[in-house]
Structures are given as structure tokens and as C-alpha cells.
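Colleague: sequence unknown, structure follows:
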Ligand SMILES: O=P(O)(O)OC[C@H]1O[C@H](O)[C@H](O)[C@@H](O)[C@@H]1O
């Protein structure tokens, strides 16, 4: 047998494609979920573009969601991260917005999934994704007749949810698509999951002005120099002295659980219903108030005004 001088060498193995983020859209078109190659995940209901789950790579849930949250699109979701727009609470004395229900219509409208993107700068060493951005849209044309009637302005909203390795970024772009100016408020109503509210403290709100919605009448105060602790029903709108770039951190005992940094969102609402949760039909278990704290980044003091064609943007990064 003649030995071939030039044996063909084995074909070098084709490199396996770098792991990509998996984005799934449910069959009923009602929710979108994304999982990073490293295991972190997020789930968003198109109803309200409500984030209903955010898990770290070990599968540990970061958000609190009521066991009785209504998920069929007939009521705002109790838990996760609902969006508040164009009014925070109700505004009976703000003529243009006075007919809207509590927290507006963004959380009770069905949004459109606009698609995903990943940025090259966020690639891992092996070329896989270390973050994925999911975009959702809502415009005046898609509103229910009742909402259109209550707030007859032309707008376009883009809400982006970026899942990273140890963070979740939510940002909103608001555009005035009409020919007249209008005003709005916006807020990201994050329900953060904690193990035991009695040892939770929130730093970054020290020596700041806050509106206390629990006192009767509502009062304006200055917070002490210590972090905020929760020992009863709490509903406060803080304007942190350090401005939006100062992080607000949530700790349990000595362990830092979350850090929230804000962009263009000057206020931070801290809410825990405490035992009042027992009288809320969609709040379960009744003792669940011990396992959650709402730390809500928003632009809710006064109004943001957009002239025809103008755009506003605001957002938050929650990291752990
Ligand atoms: O029951 P909801 O309409 O979802 O509102 C829940 C809470 O949202 C915010 O945190 C407000 O500051 C509270 O006053 C309100 O109770």
C-alpha cells in the first residue's frame, strides 16, 4: 500500500455558535420572556408591559408578585413592575388628567412587542450575550375607547426592558405625536422581594423632602439622617437630596439586596400597605406585605410638559 504523502488532515471542528439570549413569545401572544445564556431571566406581560418575573442565574426571584394577581388583562397586575402613566394616583385638580383612573392607563393597556436587540459591547468573552433588550410600544391609536375619551392626546411610548447579568434596566421614551402640548407623570412601580420587612432599610433618602400620604391631611416633611425602615403602613414620595444619580439601596440586615439608580426620575416612592393588604382582594398571601417593598422611581412631583413633537426619556437600573 502506497502511503499518501499528503494525507488530508481532519477538518477542524466548526466552532459552536456563541450562546445567544433566548427570547420566547407565548402562543397566546400575551407574554414575552427572555433567558440569558448564563441563566438570568425576565418575563413581561403585554398587558401593561408589566414585568411579572425577574430571576437571577440561580433562579431566585427578585420581584414580589401577589398569588392573587389578576393576569387575564381585566385588572392591573398586583406585583412585579407595573408602569404608571400619564398620572400618578389620581389628579382631580389637573383638568386634562382628571378623568383618568388611579395610575393612568399604561398598566391596563395592551402593549405591542417591538422586538429584541443585543449590544456588541455587552458580549461575553466567548461572544455570547450578556444582556438583551426588549422593546415594547404603546400609542394613542391602540388605547381603549374609554381611555382615549378620558385623555384625548396623541402620544407614542417606547418602554425598554434590558436584562443584564446582575441588573434590570427599564426605560421609557415618551413622545408628543400631536399638535398641542400636554403634561404627564410617569413611574416604575417596582415591587421588590425581601425575606423579612422588619430588617429592611432603604438608604439614599436621608435628609430629603418627602410627602407623607398616610397622614391626614397629607404632610410634607424632611426625613432624618438615617436610612428608612418600615414599621407600619408607608406611602411616601421622596425627592432625594442627592438627585437622580444618587443610588437608593435596599438592604436586609447588613446585606445589600438592591441598588437603584435613576435617570431623569427625580422622585422615589416607598410603599408598603402593611396590614391594609388584608383588605386588598388581589393581595395574597395576606402576610405578603412582610416580603415586599415598593421602591418606585418616578417623575411624579408636578408635571412633565411636552410640546408638539417633543420627546422625554427616563429610566432606572436595578442591580443586585
Ligand atoms: O392599588 P394601586 O392602584 O396599585 O396602588 C398602589 C399604591 O401605589 C403607589 O405606591 C401609591 O403611592 C399608593 O398610594 C398606592 O396605594
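Modeller: Okay, I see it. Computed from a predicted model, the values in this text were never measured in an experiment.
Colleague: so is the residue in the stretch 51-200 of the chain that the ligand sits nearest to in a helix, a strand, or just coil?
Modeller: As assessed by Cβ to the nearest ligand atom, the ligand sits closest to residue 102 within the stretch 51-200 of the chain, at 4.5 Å. No exception for glycine: its C-beta is placed from N, CA and C like everyone else's. Secondary structure, DSSP: H, G, I helix; E, B strand; the rest coil: residue 102 is coil.
Colleague: Tell me which residues touch it, please.
Modeller: Contact partners of residue 102, counting by Cβ atoms under 8 Å, 6 or more residues apart in numbering, are 89, 90.
Colleague: For it, give its distance to residue 289.
Modeller: Distance, residue 102 to residue 289, by Cβ to Cβ, to the nearest Å: 19 Å.
Colleague: Wait, residue 209 touches residue 239, no?
Modeller: Yes. The criterion here is Cβ atoms under 8 Å, and residue 209 meets it with residue 239 at 5.0 Å.
Colleague: Residue 19 - how many residues pack around it?
Modeller: 15 (other Cβ atoms under 10 Å).
Colleague: With residue 131 instead?
Modeller: Using other Cβ under 10 Å: residue 131 sits among 22 other residues.
Colleague: got a pLDDT number for the residue of the stretch 51-200 of the chain closest to the ligand?
Modeller: Turning to residue 102, the model gives it a pLDDT of 98.
Colleague: State the distance from it to residue 92.
Modeller: On the measure of Cβ to Cβ, residue 102 and residue 92 end up 11 Å apart.
Colleague: likewise residue 240?
Modeller: Taken as Cβ to Cβ, the span from residue 240 to residue 92 is 27 Å.
Colleague: neighbour count winner among these two?
Modeller: A direct count of neighbours by other Cβ under 10 Å for residue 240 and residue 92 places residue 240 higher, at 22 against 9.
Colleague: pLDDT on stretch 107-126, on average?
Modeller: 84.
Colleague: That stretch: which residues count as buried?
Modeller: Buried residues in stretch 107-126, counted by 16 or more other Cβ atoms under 10 Å: 107, 108, 109, 110, 111, 113, 116, 118.
Colleague: what's the most distant pair in those?
Modeller: Across those, no pair lies farther apart than 108 and 118, at 30.4 Å, counting by Cβ to Cβ.
Colleague: what are the bridge partners for whichever residue of the chain sits closest to the ligand, then?
Modeller: Nearest residue of the chain to the ligand, counting by Cβ to the nearest ligand atom: residue 271, 3.3 Å away. Beta-bridge partners of residue 271, counted by DSSP bridges, are residue 235, residue 294.
Colleague: How confident was the prediction at it?
Modeller: pLDDT for residue 271: 99.
Colleague: Report how many residues lie close to it.
Modeller: Using other Cβ under 10 Å: residue 271 sits among 20 other residues.
Colleague: next one: residue 242
Modeller: Neighbours of residue 242 (other Cβ under 10 Å): 13.
Colleague: mind listing what it touches?
Modeller: When the contact criterion is Cβ under 8 Å, 6+ apart, the partners of residue 242 are residue 204.
Colleague: my read is it is in a strand, agree?
Modeller: No. Counting by three-state DSSP, residue 242 is not found in a strand; it is coil.
Colleague: Quick one: the helices in this protein, in order.
Modeller: 145-150 (DSSP state H).
Colleague: near the ligand, which residues of it show up?
Modeller: 76, 89, 102, 103, 213, 235, 269, 271, 294, 296 (Cβ under 6 Å from any ligand atom).
Colleague: Mind telling me the two of those farthest from one another?
Modeller: Within the residues of the chain next to the ligand, 76 and 213 form the most distant pair, 18.4 Å apart (Cβ to Cβ).
Colleague: Give me the more crowded residue out of the two.
Modeller: Legend: neighbour count by other Cβ under 10 Å for residue 76 and residue 213, higher for residue 76 (23 against 16).
Colleague: Surely that one and residue 107 touch.
Modeller: Yes. If you go by Cβ under 8 Å, residue 76 and residue 107 touch, sitting 4.5 Å apart.
Colleague: Report the set of residues contacting both of the two.
Modeller: With Cβ under 8 Å, 6+ apart, residue 76 and residue 107 have common neighbours 48, 50, 82.
Colleague: What about the last one, how many residues nearby?
Modeller: Think residue 82. Other residues within reach of residue 82, judged by other Cβ under 10 Å, total 26.
Colleague: same thing with residue 129?
Modeller: So residue 129, with other Cβ under 10 Å, has 24 neighbours.
Colleague: and what of residue 16?
Modeller: For residue 16, the tally of surrounding residues (other Cβ under 10 Å) stands at 7.
Colleague: In contact with it: list those residues for me.
Modeller: With contacts defined as Cβ under 8 Å, 6+ apart, residue 16 has no neighbours.
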